[in-house]
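Trainee: coords please:
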Amino acid sequence: MSEVRALRSILLVEDHPDHRNLAERALVDAGLVVRTASSGEQALTMVGDADLVLVDYGLPRMNGIEVLEAIRAQSGPPVVLVTGMGSEALAVAALKGGAVDYIVKTPGFLHTLPEAVKRAWRAHDLRQRAVELQRLTLLVAKASDRSSVLHEIAHGARSLLGATACAVFVAGEGGLSLEALDGPASPAIDILADAPPNVLRVPLPGSEDADQGVLVVISNEPRHYMPEEVELARTFASFAGLTLTNISRLELERDLRGRLQEMLDVRTQLVESVSHEFRTPLTAILGFTQLLSEGWDEVTSDPRHEMLANVTRNAEDLRRLVDELLDFSSVEHGKENVHLEDVDIGEVIRTTVESLDPLLRGRVVDIRVEPLRVRADPILVGRALNNLISNAVKYSAAETTIVVRTVVAQGQCRVEVTDHGHGLTPSEAARVFEPFWRAKWARWPRGAGIGLYLVQQYARLQNGESGVESEPGRGSTFYFTLPLEPAPVAA
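Mentor: Predicted structure coming up:
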């Protein structure tokens, strides 16, 4: 593309045949396509196919100013007025009438005519693109999301500069990446590697004097961009960069509002869950103690012991809820104390299972523990195992076996708890360690919904990981890993 954008056809309006022929030859020799008319009336019938009209003022019946006014009334192409009279009043009248330029027929004006026409067209083209710039900036500003803004920037720059394609590269952690392209894709490949003559790069300004990307304008042919075009591109890029910054801030605000709402929802869910879970064992404790208080002498020994056992069991549930909430608070605030030491994992597992005897009464627990020493905090290991076994009891039938085992793999000890309960779908397994989350079918068991989340955090604090392997209808295996100590325990 040349400097003069899209000047395909000139309509030359001149009544004098010699002047007409000479002017036509000068323009054609300069590489321009020219059609001619000998009168204003004839010109008005031909003006629809012209990009620019070069009209002589001294036409018969309808002078150049009248032709200019008629063309402007039709919203026709730009007009350059040519006259043999160097009248200032005529020049003012021509420019007021909407002419883009005024040329006087000086003795040698034919030599400068092509350049004057190109200059007039260039001025008109830049004015049109200034109007287009305003329209495009408004269009970019109306875009409601980042993707739309980037697309409008690429489309707007391509339209503004009459380019083959336009690409928008945005700066990120890995450097510049292509995020929007308008036009054929192939010219945008590797355009940041060098500086070919058909490429114009314009920075996208960001906040604090840091560019947030680059606008790359590509043409099929080598092209010399005029200073005015470069300035237009920079002005558009500055506005585009500002819009992109604003949309980024807006998206950040939306994200922060979403996170705040999630926190409020979690808080509400926590209050509701804790209130319900505390009320359940408290109601049972108050009920049984009231029965015992009012009818101690009337109640026989066996029912009395059963009521006391129920009070103890509900008190244990209540204590467990309090412990979980305290641990949750400590973990969330980073105040959990961790004391890593050389630990006999088998001893910790057996001690934990024994402490859960009231919960496991009537259940079969199969312990398969290898003689291993791990680097861990025995208190946190006990809490994690307590939560996993309690979870297995809640979500599996009383007649099924719970398996607790250790497995050595890749320099770590993996502590597993397997149940034969309902099992989890892949989507449920992906969320099971989230705090307060429960599968839809699992609403009935008691608990605050943070036990598995705490298992995950206990494992993290001991340089380990947690996970689950599950299949609907075939139960689940929850596990956490711990680093091994070099030497195993003697059998």
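
Trainee: Pull the distance from the longest helix anywhere in the chain to the chain's centre.
Mentor: Counting residues, the longest helix in the chain under DSSP state H turns out to be helix 227-295. Taking Cα atoms, centre = their mean, to the nearest Å, one finds the center of helix 227-295 at 18 Å from the center of the full chain.

Trainee: gap between the helix or strand just after it and the chain center?
Mentor: Moving toward the C-terminus from helix 227-295, the next helix or strand (DSSP states H and E) is helix 301-332. Computed by Cα atoms, centre = their mean, the separation of helix 301-332 from the middle of its chain amounts to 46 Å.

Trainee: Could you quantify the relative orientation of helix 301-332 and helix 227-295 as an angle?
Mentor: Calculated by axes from the mean of the first three to the mean of the last three Cα atoms, to 10 degrees, helix 301-332 forms an angle of 160 degrees with helix 227-295.

Trainee: May I see the buried residues of helix 301-332?
Mentor: Judged by neighbour count (16 or more other Cβ atoms under 10 Å), helix 301-332 contains these buried residues: 307, 311, 313-314, 317-318, 320-321, 324-325, 327-328, 331. Every residue, glycine included, has its C-beta placed from N, CA and C.

Trainee: Show me the helices in the stretch 1-150 of the chain, by range?
Mentor: Secondary structure of the stretch 1-150 of the chain (DSSP state H, counting those that start in this stretch): helices at 17-29, 40-46, 64-73, 88-96, 109-142, 146-161.

Trainee: Just list what the longest helix of the chain packs against, helices and strands only.
Mentor: Where contact means 3 or more Cβ pairs under 8 Å, 6 or more residues apart in numbering; DSSP states H and E, helix 227-295 is packed against helix 109-142, helix 146-161, strand 199-205, strand 211-218, helix 301-332.

Trainee: Walk me through the domains of this protein.
Mentor: According to automatic domain parsing, the chain comprises the domains 10-131, 143-255, 265-317, 331-483.

Trainee: Could you tell me how far the shortest one lies from the centre of the chain?
Mentor: Okay, so that is domain 265-317. Mean-position distance between domain 265-317 and its chain equals 50 Å (Cα atoms, centre = their mean).

Trainee: cool, the last one as well?
Mentor: For domain 331-483, the distance from its own C-alpha centre to the chain's C-alpha centre is 36 Å (Cα atoms, centre = their mean).

Trainee: re the thing from before, ok, which pair from the buried residues of helix 301-332 is furthest apart?
Mentor: Greatest spacing in the buried residues of helix 301-332, by Cβ to Cβ: Met307 and Val331 (36.2 Å).

Trainee: Show me the shaky parts of the stretch 1-150 of the chain.
Mentor: For the stretch 1-150 of the chain, the stretches with pLDDT under 70 are 1-6, 86, 128-144.

Trainee: 90 instead, please
Mentor: For the stretch 1-150 of the chain, residues meeting the criterion pLDDT under 90 lie at 1-9, 19, 26-33, 47-52, 57-61, 64, 71-78, 80-150.

Trainee: Outside of stretch 240-256 itself, list whatever touches it.
Mentor: Under the criterion Cβ atoms under 8 Å, 6 or more residues apart in numbering, residues 137, 140-141, 143, 145-146, 149-150, 153, 156-157, 170, 203-207, 211-213, 215 lie in contact with stretch 240-256.

Trainee: mind redoing it with 7 Å?
Mentor: In this structure, residues lying in contact with stretch 240-256 by Cβ atoms under 7 Å, 6 or more residues apart in numbering are Val140, Ala141, Arg146, Val149, Ile153, Leu204, Pro205, Gly206, Ser207, Gln212.

Trainee: which of the residues you listed tops the neighbour count?
Mentor: Greatest neighbour count in the contacts of stretch 240-256, by other Cβ atoms under 10 Å, goes to Ile153: 29 neighbours.

Trainee: ok, that residue touching Phe169?
Mentor: No: when contacts are counted by Cβ atoms under 7 Å, Ile153 is not listed as touching Phe169 (11.0 Å).

Trainee: For the residue nearest the centre of the chain, which residues are in contact?
Mentor: The geometric centre of the chain, computed from its C-alpha atoms, lies nearest to Arg146 (Cα atoms, centre = their mean), at 7.4 Å. Arg146 sits next to Ile247, Glu251 when contact means Cβ under 7 Å, 6+ apart.

Trainee: That one and Leu482, how far apart?
Mentor: Applying Cβ to Cβ, to the nearest Å, the value for Arg146 to Leu482 is 44 Å.

Trainee: other SSEs contacting the helix or strand encompassing Phe478?
Mentor: Taking DSSP H and E as the criterion, Phe478 maps to strand 476-483. Under the contact definition 3 or more Cβ pairs under 7 Å, 6 or more residues apart in numbering; DSSP states H and E, strand 476-483 sits against strand 373-376, helix 378-394, strand 412-419, helix 451-461, strand 466-470.
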